[in-house]
Every structure is written in C-alpha cells, then in structure tokens.
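S.K.: Below: sequence and its predicted model.
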Amino acid sequence: MSLQNSNELANVREVICVALNYIGHVEEREDEFDKAPYKEPPKTPVLFIKPHNTITYDDCNVLYPDDVPGVQSGPSLAIVIGKKACRVTETEAMDYIQGYTIFNDFSLPEKSYFRPAITSKCYDSFGALGPVIVNKENIEDPHNLEIKTIVNGEVRQEAHTDELVWSIPALIEFITSFKTLYPGEVIATGFPAGRIDLVVGDEVNIEIESIGCLSNKLVSEKEFYGV
Amino acid sequence: MKHALIEFDGLVQNVTVHEDNKVLLANGIKLAEDQVIWLPPKHGTVIALGLNYADHASELEFKAPEEPLIFIKSATSFIGHRQQTFRPANIEYMHYEAELVAVIGKTARKVSRDDAMEYVQGYTLCNDYAIRDYLENYYRPNLRVKSHDTLSPIGPYIIDRDDVEDPHKLELRTLVNGEVRQEGSTADMIFSIPFLIEYLSAFMTLQPGDMISTGTPKGLSDVQPGDEVVIEIEQVGSLTNYIISEEDYFKGQL
C-alpha cells in the first residue's frame, strides 16, 4: 500500500468542511428546517471553513477550553486535491483527487445553523488532520468506508460513508462552480449525526477503513498553552 | 510607512509605497503604480464582520447584532489592487462593501481591549463583495456569497498603525465609475477594533498577517461588467477594482 508522507499536510491553510451531509442528520431536523430562521431545508451543500489556527495533526493535543459547555468530535473522510480544479463536472471530479485522509472537526455543541459557527468551531487546534494521505488508487470506493470513533479504547460511534447526502463528486462539482480548488487543499466531506461528547483527558481515535487512524488527546487550557 | 507585496519581472517582492502609489523596490528602483502587479498584502486568515454598522443593518432589515456576526473568507478568494473581479452570468445582485481592515502584527491570545491596539501592525482596505443571489439561511452568509473566486480585492498596502490618527474616526466611501455610491464613517462601527481583538483572541490565537475586515456602512448597489469600483478610506488610501463578465474572465484564463 503506498502511503504518502503526511508532511504534505503541513502546508494546509484551511479546511473546507461540509455540514449536514449525513442522511440521518438532515432527517432528524426536518421539522426545524421548515421554520424560521431557515424557512426551507438547504438547497446546496452547507460549507464552513476551519481556518489555519484550528489545524493540528495526528498525535497532537487538542484544546479543551475552560468554561465551555462541552466539546464534541466530528469525524470525517477528507479528500486531498491533486490538481487545480475549476468548474469541474461530477463525472470528471474524481480525476482531481490525489487521495484521502481523516479530519476531526472538534466543536462546541451547536445551537443553530443560521450563522457561521465561528465561536463553536474556531478554537485553536479544533481541526485535526492526518495521519497520512492514502493515494486514491488504493481506495476502491470512498463511498463504502466504515468510520469509527473510539474514545479511550471504547467504540462510541460507527458510521459509513455510503450515508453522504452529497457524494464526493457532487461536492467537487458544487465547490468548483464558484471556488477554484488548488493542489493540497482539503475538503472534509461530512460528519455523522449524533456527535460524541468528550471530557478533558479523553483520547479520541478516528478510524477509517483503508485510510488509518487519527489520534488526539484533549487537554486543559493550562496544559495546552503551557501556562 | 506603507508596505506592499507586488510582482514585478516575475518576482514577488516586499516593497514600500510612496507618493502617487509609486513603489520602491529593495534594489532602489522606483516604479509607477501601473508598472507592477499588486498582490494581497498578507496571506493570513481573514475574519470578516457582517452587519457591523447600525445604518447598514437597518438597510438589510436586520436589527443591530448584540454579538459580532463573524465569518471566515476562503484564502483563494483574494486578489490585489487594480485587478479584475468577475460577475457571474445569470445573477441579479452583486454589491461592493467598503471595509477598513486591521492587520495583526504580533501573536494575540486572550488580549484585553485596553492592550489590543499594540497587536495591530496597521490597516488596509477590503472590498468585501457579496453575491446576494446565493444567500441561504445556513451559516449565512455562506461561502458562495462571500468566497467566490476573485470576489475579494484587498490592499493596496498596509499603512502602519501609527500613521493613522484614530481608526474609528475615518470617512469611507465607494465610487463606481467616479460616482459616490456609499459613504460612512468608521465612527459608526458597532464593535470597535479593540473590542473585536479581545472577542476573537479569547478563543482563537490571532497570528501576524491575520486580518479583521470590520464591516461596511449603508449604501449598497449592484455592479456590472465594465464598472470601475474604488474604495476610499481617509488617511488609509484607496483600492481600485474592475468588474468584468464571466465570459471575458474565462477567455482570459485560457
């Protein structure tokens, strides 16, 4: 199996993420999404950005901030772009992928999807990425992979990439309709419904079949910043 | 002092900017404004404010927010001074937004508003265009509204903090083909620069080169291919941008 060095992930400036992209997730909230402030369910993929200060890697500590209502994990299969992609159609989208990795969108519990969730999702280290990029040739079908969240050795969540609302090619077509994707850019394809609550000291492993395991430990603010 | 990032002779270089936007290269050569390609002056994270002027919030029929409305702009959306922005075909409404940008000069974490200005290197301008056709009520304003390719002119340069007397007492305006379309004062910001630095640095570490685009006053209107759009902020400078059609943009990309 050819694994690429994770150093390639060291230059990632931001990660584009897709919210509400697991079938169960949108169904759960169908009634809510017909009402204000949403008025109707999303018409296009619901994207958000994890900026540079959030990006961290395998085996690194993740901040559990003081005085927050909680921290939750958000496991995702992530794609890494292999060549410049502008206005790519769904049928040719897979040609623009270099490979796959894992992303964990740490977040405070989200109360609403109306406004960008910056104050929930943009704490330092809240976006874990890695451990490696697996070349796309080594993954038979990215929509047929099991995702497990394991906390302190115990399996807490199991999901499957066949539950994506917008498939990987559909996401690439939509995003590149307005935003060029450049080599090395990362897109986290979606987060299963029912996020897992974490506490300080938890060791969170995200395992994706054929990709690997992304491992992070939640530490207190004092430990994280060393003050 | 004014600092810019430009491309000249195929080389990206840091320069200082002088009267009439003449550019001084490190080797002592002085060039006119139109002899160089102006790039975004920094490449940090851009954090933008929505509805941060009371008059603008009421124009959009929102009440002024009690907490800052913040969104992150994708890094790939930015272009420099005197570049072209394309207006997608088949849209109804794309408007400019004149904004004062505070550029972070040193790492800021949990900074109090009293100390906040020490972390500001200087200021630049952003024309934070929006394509309103793409608005939906999820993470509003979404990436297609605010992070479209070429949609975010920023620059031309960073002017040092101490060269601007009071960033909260500056007239700002937008001129389209020479006609004033938007006018306001940074005095009308709801959340000031020190407040925003305190607010943001409470949960995210701000790094040198990160930028806070502080929102826009009222006076929005549509722009069309062929328009020259100039943002002006007193004491800071002016940022020029040209609107072209989608068709012409993609012809130029071939």
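M.R.: Yep, it's here.

S.K.: Who are the contact partners of the spatially most central residue of chain B?
M.R.: Central residue of chain B (C-alpha atoms, centre = their mean): B:Cys126, 1.2 Å from the mean position. Under the criterion of C-beta atoms under 8 Å, 6 or more residues apart in numbering or on different chains, the neighbours of B:Cys126 are B:46, B:48, B:97, B:99, B:101, B:152-154, B:211, B:213, B:231, B:239. To be clear about C-beta, it is placed using only N, CA and C from the backbone, and glycine gets the same treatment.

S.K.: could you give the mean pLDDT of the helix or strand containing it?
M.R.: Element membership for B:Cys126 (DSSP states H and E) is strand B:120-127. Averaged over strand B:120-127, pLDDT sits at 98.

S.K.: go on, stretch A:147-160?
M.R.: 97.

S.K.: By mean pLDDT, which helix or strand of chain A comes out lowest?
M.R.: When the helices and strands of chain A are scored by mean pLDDT, DSSP states H and E, strand A:3-4 comes last with a mean of 48.

S.K.: Domain-wise, how is chain B divided?
M.R.: For chain B, automatic domain parsing gives the domain ranges B:1-39, B:40-253.

S.K.: Tell me which of those is the most buried.
M.R.: domain B:40-253 (a mean of 19; mean count of other C-beta atoms under 10 Å in any protein chain shown).

S.K.: any idea which helix or strand comes after the least confident helix or strand of chain A?
M.R.: strand A:15-19.

S.K.: Partner strands of that next one, with direction?
M.R.: Using DSSP bridges, strand A:15-19 pairs in its sheet with strand A:46-50 (antiparallel), strand A:186-188 (parallel).

S.K.: out of the domains of chain B, nearest to A:Val165?
M.R.: Nearest to A:Val165, of all these, is domain B:40-253, at 12.9 Å by C-beta to C-beta.

S.K.: circling back to that earlier point, just checking, which of the contacts of B:Cys126 belong to strands?
M.R.: Judged by DSSP state E, the subset of the contacts of B:Cys126 located in strands is B:46, B:48, B:99, B:101, B:152-154, B:211, B:213, B:231, B:239.

S.K.: Make CSV out of the residues you listed and add distance to chain A.
M.R.: Output for the ones in strands among the contacts of B:Cys126, formatted as CSV (distance: C-beta to the nearest C-beta, whole Å):
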residue, distance to chain A
B:Val46, 9
B:Ala48, 10
B:Glu99, 17
B:Val101, 16
B:Ser152, 11
B:Pro153, 16
B:Ile154, 15
B:Met211, 11
B:Ser213, 13
B:Ile231, 23
B:Leu239, 22
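
S.K.: Pull the distance from the strand holding B:Cys126 to the chain's centre.
M.R.: 7 Å (C-alpha atoms, centre = their mean, to the nearest Å).

S.K.: Any chance you could give me it in PDB, C-alpha atoms only?
M.R.: Output of strand B:120-127 as PDB, limited to C-alpha atoms (Å, rounded to 0.1, in the frame of the first residue of the first chain):
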ATOM      1  CA  VAL B 120      -2.200  45.900  15.300                       C
ATOM      2  CA  GLN B 121       0.500  46.300  12.700                       C
ATOM      3  CA  GLY B 122      -1.500  48.600  10.500                       C
ATOM      4  CA  TYR B 123      -4.500  48.900   8.200                       C
ATOM      5  CA  THR B 124      -5.500  48.100   4.700                       C
ATOM      6  CA  LEU B 125      -8.800  48.100   2.700                       C
ATOM      7  CA  CYS B 126     -11.000  45.300   1.500                       C
ATOM      8  CA  ASN B 127     -13.900  45.400  -0.900                       C
END
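
S.K.: Would you mind pulling up the elements that the helix or strand following it packs against?
M.R.: The helix or strand immediately downstream of strand B:120-127 is strand B:130-131, counting by DSSP H and E. For strand B:130-131, the elements it packs on are strand B:94-95, helix B:143-146, judged by 3 or more C-beta pairs under 8 Å, 6 or more residues apart in numbering or on different chains; DSSP states H and E.

S.K.: Could you pull up phi and psi at A:Asp31?
M.R.: phi -60, psi -40 (degrees, to the nearest 10).

S.K.: Next, count neighbours for it.
M.R.: Neighbourhood size, A:Asp31 [other C-beta atoms under 10 Å in any protein chain shown]: 7.

S.K.: low-scoring stretches of the stretch 151-254 of chain B, by residue?
M.R.: Along the stretch 151-254 of chain B, segments meeting pLDDT under 70 span B:254.

S.K.: Tell me where it has helices.
M.R.: B:193-201, B:246-253 (DSSP state H, counting those that start in this stretch).

S.K.: Please apply the same query to the stretch 1-150 of chain B.
M.R.: Under DSSP H, counting those that start in this stretch, the stretch 1-150 of chain B gives helices at B:54-59, B:143-146.

S.K.: what would these look like in JSON lines with mean pLDDT and distance to B:Ile91?
M.R.: Putting the helices of the stretch 1-150 of chain B into JSON lines (pLDDT from 0 to 100; distance: least, C-beta to C-beta, whole Å) gives the following:
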{"stretch": "helix B:54-59", "mean pLDDT": "75", "distance to B:Ile91": "20"}
{"stretch": "helix B:143-146", "mean pLDDT": "97", "distance to B:Ile91": "11"}
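
S.K.: and of those helices, who's closest to chain A?
M.R.: Ranking these by proximity to chain A (C-beta to the nearest C-beta) places helix B:143-146 first, at 4.6 Å.

S.K.: Reformat the helices of the stretch 151-254 of chain B into a markdown table and put distance to A:Asp197 next to each item.
M.R.: Converted to a markdown table, the helices of the stretch 151-254 of chain B look like this (distance: least, C-beta to C-beta, whole Å):
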| stretch | distance to A:Asp197 |
| --- | --- |
| helix B:193-201 | 26 |
| helix B:246-253 | 46 |
